[in-house]
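[1] Provided below for reference: sequence and predicted model.
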Amino acid sequence: MNKGGKRHVRVYNATDRIEYIDIAKGILIIFVVLGHITTLPHILTYGMKAVITTFHMPAFFIINGMLTKAEKIQKTPVKQFLLNRSYRLLIPYVFFEIMGGLWQMLFMGRGSVNLRGILYGIFTIHCHVGADWFLPTIFFAEIGLFLLVKICSKKYFLLVSGICFMVAFLLTDITYLVACCRRILIALSFILIGFSCKKLFMKKNIAVGAVSGLLTISIAYMNGIVDLSARQFGNPLLYILGSLIGTYYVLSVSQCLFGTLAKLLGRIGRSSLTIMGTHQNLQVLFNVFCGSVYPLPLQILVCFATIPYEILMVNLCEKFVPFLVGIPLPVKRSKKSKRITQNERTQQN
């Protein structure tokens, strides 16, 4: 607390990243990996998967809305916004799909996957890497938020969110295009909630956080396994409540962590996009040799094998092809601009 009674939010000085948000994303991407690795025959993995799926994907959308600033959107031209989001989301989407498709061609043979199929899947969002649906979904949902901020008052955002939820739940998957639109509408709804209620989600309260954890488990028990990708929501009301309460719980836990664990989760969170796009490639190997459903000891083995694999993939991608995984390239400054920046820092000191 400072003298005015306001709580300081820890940030990374270099990029103004909120530390506990990165920690939360680190926790969530671990849940994503566990959700894909775990298979259903064992009661422990079923229960864990039910809890994880209750909130793990909606939380990413809510956090996205929390980090969005209306003032910045108002000043951003449409062309610049589209270019920026394409660089951050669509280029990684294409890269991960091509890499995943080629990986499957190598280990599963051209009879299962071929180049034409990879390109078709990219343009139609029939993803060869299961988690990649998230990237075009959030891309189009962010376009929706961008347009709403430009043309609509923020006080109507929760109403728009409710309407989007209603339309998405009432529609049926007549075609795959409709299915994709349902995902986008739900993603936009959660982004609008995060945008409108960011102060509520950022408020730290240990007691409320503990209760929210218990409520999340209770909702998971009642609603079972849900899947936004497959449009499987169970009870729509429980789905929304579980998503909101579970997100608050993860954010509360993230604000209580510190030390080495916090640094580790924060590092994982900053690489969450790369992990999301690459972790299922390792599972392809296990599926080829062990089938898509395997016993609990083998599931544990896959979990441990994923750790060194992802360390390797994250370092390779971020070192050699950062522009393909959404990482901004460093801006080269002239000597004159460097002198000006140095003078500004001297003045501030």
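    Arrived safely. Bear in mind the structure is a predicted one, so any value in this text is a computation, not a measurement.

[2] by contact count, what packs against the one helix or strand residue 298 maps to?
    Here residue 298, judged by DSSP states H and E, is contained in helix 296-320. Packing contacts for helix 296-320, counted by 3 or more Cβ pairs under 8 Å, 6 or more residues apart in numbering; DSSP states H and E, involve helix 19-37, helix 43-67, helix 272-290. Every residue, glycine included, has its C-beta placed from N, CA and C.

[3] between it and helix 272-290, how many degrees?
    If you take axes from the mean of the first three to the mean of the last three Cα atoms, to 10 degrees, helix 296-320 sits at 140 degrees to helix 272-290.

[4] Could you check the pLDDT of residue 3?
    Residue 3 carries a pLDDT value of 46.

[5] I meant residue 337, not that one.
    On pLDDT, residue 337 comes in at 48.

[6] try residue 283
    For residue 283, the predicted pLDDT is 84.

[7] Next, work out how far apart the closest residue to residue 277 other than its chain neighbours and residue 103 are.
    Distances taken as Cβ to Cβ, 6 or more residues apart in numbering place residue 96 nearest to residue 277, at 3.3 Å, with adjacent residues excluded. Distance, residue 96 to residue 103, using Cβ to Cβ, to the nearest Å: 10 Å.

[8] returning to that earlier point: okay, the residue nearest to residue 277 and residue 136: tell me how far apart.
    Taking Cβ to Cβ as the measure, residue 96 falls 11 Å from residue 136.

[9] Looking at the two, which one has more neighbours?
    A count of neighbours by other Cβ atoms under 10 Å puts residue 96 above the other of residue 96 and residue 136, at 27 against 19.

[10] ok, residue 114 - contacts?
    Neighbouring residues of residue 114 by Cβ atoms under 8 Å, 6 or more residues apart in numbering: residue 105.

[11] Backbone dihedrals for it, please?
    Phi and psi for residue 114, reported as degrees, to the nearest 10, are phi -140, psi 170.

[12] Could I get the pLDDT score of it?
    pLDDT for residue 114: 83.

[13] Kindly report the same for the one 3 residues further on.
    The predicted local confidence for residue 117 comes out at a pLDDT of 87.

[14] hang on, the earlier thing: so which of the helices and strands packed on helix 296-320 gets nearest residue 246?
    Distance to residue 246, taken as Cβ to Cβ, is lowest for helix 43-67 among the helices and strands packed on helix 296-320, at 2.5 Å.

[15] Compute the inter-axis angle for the closest one and helix 19-37.
    Using the same axes, to 10 degrees: helix 43-67 against helix 19-37 is 140 degrees.

[16] List the buried residues of helix 43-67.
    45, 48-66 (16 or more other Cβ atoms under 10 Å).

[17] what about the closest residue to residue 48 other than its chain neighbours, distance to residue 122?
    Using Cβ to Cβ, 6+ apart and skipping the chain neighbours, the partner closest in space to residue 48 is residue 38 (6.1 Å). Note on residue 38: its distance to residue 122, by Cβ to Cβ, is 28 Å.

[18] Check residue 74 too.
    Taking Cβ to Cβ as the measure, residue 74 falls 33 Å from residue 122.

[19] ok, now which ones touch the most centrally placed residue in the chain?
    With distances taken as Cα atoms, centre = their mean, the residue of the chain nearest its centroid is residue 60 (4.0 Å). Residue 60 is in contact with 25, 28, 134, 138, counting by Cβ under 8 Å, 6+ apart.
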